[in-house]
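S.K.: Quick one: sequence and predicted model below, then my questions.
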Amino acid sequence: GRRLALPAEFAPSSIDLRAPFEDCRRLLPETEWPYCYTGVGHNMFLFGEFNPQGFMGEMRSCDSIDESGDKENCYAYIIYRIGINYGGPLLVQSKVVEGIKVCEDIVAVPPPGKEDYREHCYLGVGGGIGLYLDSEYLSQEPSSEQDVLGLKQALMSYARLCENVPTGYVETCFRGLFGTNFKNAYEKYRLSHPILDKIFPDVKDYRVVG
């Protein structure tokens, strides 16, 4: 449908996008900054659904930030949220080509050469798949051995969606999965996959926030 125009007070030129990152650092200990930053990215993701220029318009507003670290955070965390909230759900709906296209199109916007923004998008894609598994399969305990078998098959079927992303980012996508309750289920139900087995011992202890 037709996108709604943003009110003037929400126009990119009127927003100080550096302020939220400064607030994160001012209000929280350093260990909590990434969780705050992802909240900033999530809000930008939501605004992108109403911005006439979509997510691209929101990302271009990151250019208004002078300080390079916050500018890169601005790009990184909105791209991460696009992976979680848009790319991942498309893969879950079996729209694999569309989900990958989200990441490949969106990373063409930031200035090249500064950072590999695909990492953020595909980490988010894995996180989005994992959050779906949290809500649909891991919210309650299976009641029978047959249910456990079905659960294990479903978990690995969805986890393997990460195998469809570009080769260099398959492991990144799997790491995103381990940012959700899928990590506990992987150990509890003794699941196995060559890449997941490889990264499980040293995967970062972080949480994907929906």
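M.R.: Thanks, I have it.
S.K.: Could you check how far stretch 52-68 is from the centre of its chain?
M.R.: Chain-centre distance of stretch 52-68: 18 Å, with C-alpha atoms, centre = their mean, to the nearest Å.
S.K.: Give me the buried positions along that stretch.
M.R.: Of the residues in stretch 52-68, those buried under the neighbour-count criterion (16 or more other C-beta atoms under 10 Å) are 55, 57-59, 61-62, 65. Using the backbone N, CA and C atoms, a C-beta is placed for each residue, glycine as well.
S.K.: Could you list which of these belong to helices?
M.R.: Counting by DSSP state H, the buried residues of stretch 52-68 place 55, 57-59 in helices.
S.K.: where does the closest residue to G130 other than its chain neighbours fall, helix, sheet strand or coil?
M.R.: The shortest distance from G130 to any non-neighbouring residue, by C-beta to C-beta, 6 or more residues apart in numbering, is to T180 (3.1 Å). At T180 the chain is in coil, as set by DSSP: H, G, I helix; E, B strand; the rest coil.
S.K.: hang on, the earlier thing: okay, the ones in helices among the buried residues of stretch 52-68 in TSV with pLDDT and distance to V102 next?
M.R.: Output for these, formatted as TSV (pLDDT from 0 to 100; distance: C-beta to C-beta, whole Å):
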residue	pLDDT	distance to V102
F55	79	9
G57	77	15
E58	81	14
M59	81	13
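S.K.: Pipe those into a markdown table and attach distance to G150 per row.
M.R.: Output for those, formatted as a markdown table (distance: C-beta to C-beta, whole Å):
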| residue | distance to G150 |
| --- | --- |
| F55 | 36 |
| G57 | 43 |
| E58 | 40 |
| M59 | 40 |
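S.K.: How about the lengthiest helix in the chain, which residues are buried there?
M.R.: Using DSSP H to define each element, the chain has its longest helix at helix 117-136. Buried residues in helix 117-136, counted by 16+ other C-beta under 10 Å: 117-134.
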